[in-house]
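# With the input below, show me the fold.
(one chain, ligands or ions: 1)
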Amino acid sequence: MRTHVRHVLVCTGPRCDVDGVPAHAMFRRLGEMIDARPDIKVKRTRAQCFMVCKEAPIMVVYPEGVWYHRVDEKALERIVTEHLEGGREVSELVFHRLLEGDVCPAENTEGCDQDDLV
Ligand code: FES
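Numbers count the residues shown, from 1 in each chain. Predicted coordinates:
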């Protein structure tokens, strides 16, 4: 296994991915992006279910513990470039953070559990 500094988990579970699309496609595309940028040193792993099952595709980046939702091609490009390569999370795509809980922007509360907001 190659040395890595971040681990990205992508849910490809049955409630996030209808007929193997789009979470599986996003997982494959993430692999292509990682391979094209050997300096970012990221490991990716499929997960079966994070028990949130909404606003998919969903991915989590560790060690930061940042949870992204609605990860389409454009969002994935930003996450890879800004977070995995640049070290700055893409705040407007984050719906949950380790040790903080749910964090939804006021204009985008769909998919957020309002009871968990801090
Ligand atoms: S199937 Fe993806 S979070 Fe549940």
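
# What is the helix or strand hosting His7 packed up against?
Following DSSP states H and E, one finds His7 within strand 6-11. If you count contacts as 3 or more CB pairs under 8 Å, 6 or more residues apart in numbering; DSSP states H and E, strand 6-11 packs onto helix 23-36, strand 42-47, strand 59-62. C-beta here means a position set from N, CA and C on the backbone, and glycine is covered the same way.

# buried sites along the helix or strand following the shortest one?
So that's strand 59-62. Sequence order places strand 66-68 as the next helix or strand after strand 59-62, per DSSP H and E. Neighbour-count burial for strand 66-68, counted by 16 or more other CB atoms under 10 Å, picks out Val66, Trp67, Tyr68.

# if we look at the next helix or strand after strand 66-68, which residues are touching it?
Following strand 66-68 in sequence order, the next helix or strand is helix 73-78 (DSSP H and E). With CB atoms under 8 Å, 6 or more residues apart in numbering as the test, helix 73-78 has contacts from Met26, Arg29, Leu30, Met33, Tyr68, Val90, Leu93.
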